[in-house]
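Trainee: How does the following fold in three dimensions:
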Amino acid sequence: MSTILGTTEIAVIGAGHAGVEAALAAARLGCDVTLFTMRLEDIANLPCNPSVGGAGKGQIVFEVDALGGEMGVCADHATIQSRTLNLSKGPAVHSKRVQTDRELYQRTMRRTVESTAGLRVYQTEIADILFEGKSVENPYVTGVVTVAGGIWLAKRVIIATGTYLRGRIFIGEHSAEAGPDGSLPSRGLYDTLVREGLATMRFKTGTPVRVRRDSIDFGKLECQEGEEYITPFSEQTAPDQLNARPQLPCHIVYTNPTTHAIIRDNMHRSAMFSGEIFGTGPRYCPSIEDKINRFADKERHQLFAEPVGLDCAEIYLQGMSTSMPEDVQTAMLRSLPGFENAEIMRPAYAIEYDCIDPTQLRTSLEFRCLAGLYAAGQFCGTSGYEEAAGLGLVAGVNAVMSLRGEPPLDLRRDNSYIGLMIDDLVTKGTAEPYRMLTSRSEYRLLLRQSSAKFRLHEEGRRVGLLSAERYASRVALLEQVEGEIRRLESTHVPPSAKLNEVFAALGESPPEQGGSLANLLRRPRVEYATLTPFDKDRPPLPTAAVEEAVTRIKYAGYIEKQATEVKRMQGMERAKLPRDLDYGAMEGLRLEARQKLAAARPETLGQAARIPGVNPADVSVLMIYLKR
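Mentor: Predicted structure coming up:
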């Protein structure tokens, strides 16, 4: 007989990166929250590489922090190496990536979760979700049921099961039901999804071997040091304190013909190629055997030996994920220069898991057909810690906004990578684990990681996650940026021999008529520091204000062009489509468009235009309908 164990406003199932952001956001907004986890020790686990950020992903971490989330704070605290990627390119693709101390990251996040008011943690498996049938078409969530039959009543439920849902790991011919790192899988919840008629997908991911540090001859590897000055993910982190810590180096090694021969000779023993694995894997993070198979003409593949922690013997070999048997993994590993005597501490494995088709969600991440039930993280079909954190924060905030009867977070393609990701997922869906890339954005110059605090501070303040103090500091910083731009535009530098000499040394043509500081700064090779001798009234400003002002000046034309395109598209994004619109009866729509629109149920005209199979003529029909 079931027993009611407790009552909570919001129940969060899963305590990975999505679950903790959802729970923290909801609790900080004043709700009573219960976070359910299979094991307390797995809170905010980093089962794959303990790195945070990267191309497209670093932007998300900055956005999570800009909205009041926790990932950036925790990553800063646990950083053991930091690098900014793509510095040789424009600011649109600059992306911060850090290697963290895995155990320190987990301990820090767990301490934050356990000390947050209004947030309780409960170790159990959730096996079912309860609904009240307010209507056959739209049941409303009322609680969750533990694997032992206990009931927790809840007004909103967020599913963030990550890779645990019916998880199965593969190491060569061996397979077993398990979650990441050999933990217990979640089983019962899958039956709930099927019972409620939800469409699920089977995805796959994997992780490389962990190697004992002192069994590697690092003298044969290429050393990769961290950057000289670290810019924190979070504005709450003191840069001086972060930069005072020592950084650990990473190292680069390459596969070779011997490595490739070992893999080819044992391809039939790979779970991926033997037919054991049916789930779809991430295209942008393939296993090493998949690389060898797809790029047969490539003589070598780059691998990164990265530290797992300060006081830990493990080295993570990024780029060599595999589902090969253990004996083959050892042979592959020892074929690498410097790894001739390497010892494996944790073998690589592939893992299959269930997730949902995200087109069943609204942009709020609430299920369209199950009111009060939200999805977040890899359960939505994504890959990566950063994508999970972004979705978790949105789900947590929007569950609270729903309880209050207030509008959800206003995250869109044009104001955040998180909004772009959600729009992609709910509008287009995904046939593989979705990974954020800067190339996915048509507005990536507007979505620079350095501009996140300016793009999202108003929204963070509106929903209540951003404190008055942090909001005020951002407003003040923005005023400094805009004031410095005005000063640089209005300050004229007269022509002089010294000015000509400086510009000639940079390979720039001499500014014979002089010019404003802003116009001089627009020259490709001219930096802010270059103009110091000619800028006598330069005010003392924070580095963040200077960098943002310089970027806005140098790329003003491109930024204005993208901003104009955003304004043009905003009309379509503001045009709301009724949820009960009968597309089947709408004359002028092609049959394919009717089917796609009826299935996707877009919330706006802009979303409708992005659905695969809906062409401009179909959008024109919808526009005429809305005008009528």
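Trainee: what is the rounded mean pLDDT of the lengthiest helix in the chain?
Mentor: Longest helix in the chain, counting residues (DSSP state H): helix 468-490. Over the span of helix 468-490, the pLDDT mean works out to 95.
Trainee: Packing partners of the helix or strand just after that helix?
Mentor: Next along the chain after helix 468-490, taking DSSP states H and E as the criterion, comes strand 492-493. Where contact means 3 or more C-beta pairs under 8 Å, 6 or more residues apart in numbering; DSSP states H and E, strand 492-493 is packed against strand 515-516, helix 517-521. Just so you know, the C-beta spots here come from the backbone N, C-alpha and C atoms, and that holds for glycine as well.
Trainee: The first one pairs with which strands, parallel or anti?
Mentor: Strand 515-516 has these partner strands in its sheet, going by DSSP bridges: strand 492-493 (antiparallel).
Trainee: Show me what the partner strand is in contact with.
Mentor: Outside of strand 492-493, the residues within contact range by C-beta atoms under 8 Å, 6 or more residues apart in numbering are 499, 511, 514, 515, 516, 517, 520, 531, 534, 535.
Trainee: Now with 7 Å, please.
Mentor: With contact meaning C-beta atoms under 7 Å, 6 or more residues apart in numbering, strand 492-493 is reached by 499, 514, 515, 516, 517, 520, 534.
Trainee: can you count the residues close to residue 476?
Mentor: Neighbour count of residue 476, defined by other C-beta atoms under 10 Å: 12.
Trainee: how near is it to residue 455?
Mentor: According to C-beta to C-beta, to the nearest Å, residue 476 and residue 455 sit 17 Å apart.
Trainee: which ones are touching residue 508?
Mentor: By C-beta under 7 Å, 6+ apart, the residues touching residue 508 are 523, 525, 526.
Trainee: Also residue 512?
Mentor: The contact partners of residue 512, taken as C-beta under 7 Å, 6+ apart, are residue 495.
Trainee: Secondary structure element holding it?
Mentor: Counting by DSSP H and E, residue 512 is found in no helix or strand.
Trainee: what do you get for residue 153?
Mentor: Assigned by DSSP H and E, residue 153 falls in strand 150-159.
Trainee: Tell me which other helices or strands that strand touches.
Mentor: On a contact count with 3 or more C-beta pairs under 7 Å, 6 or more residues apart in numbering; DSSP states H and E, strand 150-159 meets strand 3-13, strand 140-146, strand 373-375, helix 385-404.
Trainee: mind redoing it with 6 Å?
Mentor: The helices and strands touching strand 150-159, judged by 3 or more C-beta pairs under 6 Å, 6 or more residues apart in numbering; DSSP states H and E, are strand 3-13, strand 140-146, strand 373-375.
Trainee: What lies in contact with that strand?
Mentor: For strand 150-159, the external contacting residues (C-beta atoms under 6 Å, 6 or more residues apart in numbering) are 2-13, 22, 129, 141, 143-145, 372-376, 379, 395, 399.
Trainee: So which bits of whichever helix or strand comes after that strand are buried?
Mentor: Downstream of strand 150-159, the first helix or strand assigned by DSSP H and E is strand 168-171. For strand 168-171, burial by neighbour count (16 or more other C-beta atoms under 10 Å) applies to 168, 169, 170, 171.
Trainee: cool, and stretch 312-320?
Mentor: 312, 314, 315, 316, 317, 318, 319, 320.
Trainee: Point out the other helices and strands that the helix or strand that contains residue 61 packs with.
Mentor: Per DSSP H and E, residue 61 falls inside helix 57-66. The helices and strands touching helix 57-66, judged by 3+ C-beta pairs under 6 Å, 6+ apart, are helix 71-78, strand 95-100, helix 385-404, helix 417-423, helix 452-463.
Trainee: still on that earlier bit, buried stuff in the strand holding residue 153?
Mentor: Going by neighbour count (16+ other C-beta under 10 Å), the buried part of strand 150-159 is 150, 151, 152, 154, 155, 156, 157, 158, 159.
Trainee: Turn these into a markdown table, including pLDDT and distance to residue 581.
Mentor: Putting those into a markdown table (pLDDT from 0 to 100; distance: C-beta to C-beta, whole Å) gives the following:
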| residue | pLDDT | distance to residue 581 |
| --- | --- | --- |
| 150 | 96 | 42 |
| 151 | 97 | 37 |
| 152 | 98 | 37 |
| 154 | 97 | 31 |
| 155 | 96 | 29 |
| 156 | 97 | 26 |
| 157 | 98 | 28 |
| 158 | 98 | 28 |
| 159 | 98 | 28 |
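Trainee: Just the closest of those to residue 568, please.
Mentor: residue 158 (35.1 Å; C-beta to C-beta).
Trainee: what pairs with that closest one across the strands?
Mentor: Bridge pairing for residue 158 - DSSP bridges - gives residue 12, residue 374.
Trainee: if we can go back for a sec, for the longest helix of the chain, give me every contacting residue.
Mentor: Identification of contacts with helix 468-490 by C-beta under 6 Å, 6+ apart yields 453, 454, 457, 461, 516, 517, 518, 541, 545, 548, 549.
Trainee: show me where pLDDT drops low in the stretch 501-628 of the chain?
Mentor: For the stretch 501-628 of the chain, no stretch has pLDDT under 70.
Trainee: Kindly state the pLDDT recorded for the residue nearest to residue 302 when sequence neighbours are not counted?
Mentor: In space, and not counting its chain neighbours, residue 302 is closest to residue 254: 5.8 Å by C-beta to C-beta, 6 or more residues apart in numbering. Note for residue 254: predicted pLDDT of 97.
Trainee: Can you tell me which of the helices and strands packed on strand 492-493 is packed in deepest?
Mentor: Mean neighbour count, computed with mean count of other C-beta atoms under 10 Å, is highest for helix 517-521 among the helices and strands packed on strand 492-493, reaching a mean of 21.
Trainee: Packing partners of that helix?
Mentor: With contacts taken as 3+ C-beta pairs under 6 Å, 6+ apart, helix 517-521 sits against helix 468-490.
Trainee: what angle do the helix it packs on and helix 57-66 make?
Mentor: Helix 468-490 runs at 120 degrees relative to helix 57-66, counting by axes from the mean of the first three to the mean of the last three C-alpha atoms, to 10 degrees.
Trainee: Buried ones in helix 468-490, by neighbour count?
Mentor: So helix 468-490, judged by 16+ other C-beta under 10 Å, has buried residues 470, 471, 474, 477, 480, 481, 484, 485, 487, 488.
Trainee: Count the residues that sit near residue 501.
Mentor: Neighbours of residue 501 (other C-beta under 10 Å): 10.
Trainee: From residue 495, how far off is it?
Mentor: Residue 501 sits 12 Å away from residue 495, going by C-beta to C-beta.
Trainee: would you list the contacts of strand 492-493 in JSON lines and tack on distance to residue 27?
Mentor: Formatted as JSON lines, these follow (distance: C-beta to C-beta, whole Å):
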{"residue": "499", "distance to residue 27": "57"}
{"residue": "514", "distance to residue 27": "57"}
{"residue": "515", "distance to residue 27": "54"}
{"residue": "516", "distance to residue 27": "50"}
{"residue": "517", "distance to residue 27": "47"}
{"residue": "520", "distance to residue 27": "50"}
{"residue": "534", "distance to residue 27": "52"}
